[in-house]
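Novice: all I have is the shape, not the residue letters:
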């Protein structure tokens with residue numbers, strides 16, 4: 001019974017160390033570690049209302065930062081109302 005307890009303990013120490021390391025990585029994930037930047041272009045309707053862009057693009061917590069002419073800027077992207085392309 002002692003041998004079984006010893007080998008089971010060795011096995012569980014390995015599993016717990018994997019969970020500990022992955023937990024530390026997940027805690028500090030806001031540091032852009034393991035993140036890749038993607039460039040996504042999506043075509044939506046022309047001259048869309050800037051307040052409706054969040055629902056059209058499917059972005060939760062959408063905030064419009066500023067609008068200059070036909071281009072509306074939001075966090076991590078922009079929308080050009082003249083051609084209907086959001087990046």
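Specialist: Thanks, I have it. Everything quoted here is computed from the prediction, not taken from an experiment. Numbering: from 1, shown residues only.
Novice: only C-alpha atoms for contact and neighbour calcs from this point on.
Specialist: Noted.
Novice: low-confidence bits of this structure, can you list those?
Specialist: Within the chain, the ranges that satisfy pLDDT under 70 run 32-34.
Novice: most centrally placed residue in it?
Specialist: Centroid-nearest residue in the chain: residue 35, 8.6 Å away (criterion: Cα atoms, centre = their mean).
Novice: what residues go with each domain of this structure?
Specialist: For the chain, automatic domain parsing gives the domain ranges 1-35, 39-87.
Novice: go through these and pick out the most buried.
Specialist: Most buried of the domains of the chain, by mean neighbour count (mean count of other Cα atoms under 10 Å): domain 39-87, with a mean of 14.
Novice: ends of it, how far apart?
Specialist: Using Cα to Cα, to the nearest Å, the end-to-end distance of domain 39-87 comes to 7 Å.
Novice: and the longest helix for the protein?
Specialist: helix 2-27 (DSSP state H).
Novice: what lies in contact with whatever helix or strand comes next after that one?
Specialist: Counting by DSSP states H and E, the next helix or strand C-terminal to helix 2-27 is strand 42-43. The list of residues contacting strand 42-43 from outside it, by Cα atoms under 8 Å, 6 or more residues apart in numbering, reads 57, 84, 85, 86, 87.
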